[in-house]
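> Sequence and predicted structure below; questions after.
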Amino acid sequence: MPRVKFYQPANVLEAHMIRGMLEQFGIEAQVHGDSLVGGVGELPAAGLLFISIPEHQLQDARQILLDYEQPT
């Protein structure tokens, strides 16, 4: 099953929070690069940190993220 790069979070905390939220809705999210970011320090990780999901779940994941980002 092919995976796609779905989201590039600002930091490791956001990456794991978004992954957990997606998983609550049945999206098979995976964080990549979180172990590499610590070596970079506080500087931006320049694309090392991202979340991937199965391609067939892309539309559902986008809707979940849109709903999350909407102000209440």
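Sure, I can see it.
> quick one: Met21 and Asp67 touch, right?
No: using C-beta atoms under 8 Å as the test, Met21 is too far from Asp67 to be in contact (9.9 Å). C-beta coordinates here come from the backbone N, C-alpha and C atoms, glycine included.
> who has more neighbours, the two?
Using other C-beta atoms under 10 Å as the criterion, Met21 and Asp67 rank with Met21 on top: 16 against 10.
> so how far is Met1 from the closest residue to that one other than its chain neighbours?
Ranked by C-beta to C-beta, 6 or more residues apart in numbering and with sequence neighbours excluded, the top spatial neighbour of Met21 is Tyr68, at 6.5 Å. Tyr68 sits 24 Å away from Met1, going by C-beta to C-beta, to the nearest Å.
> With neighbour numbers in mind, choose between these two.
Neighbours were counted for Tyr68 and for Met1 using other C-beta under 10 Å; Tyr68 has more, 11 against 7.
> Now that one, what are its backbone angles?
For Tyr68, the backbone dihedrals (degrees, to the nearest 10) come out as phi -70, psi -40.
> which residues touch the nearest residue to His32 once chain neighbours are set aside?
Excluding the flanking residues, the one nearest His32 by C-beta to C-beta, 6+ apart is Phe50, at 5.4 Å. Contact partners of Phe50, counting by C-beta atoms under 8 Å, 6 or more residues apart in numbering, are 5-9, 15, 31-33.
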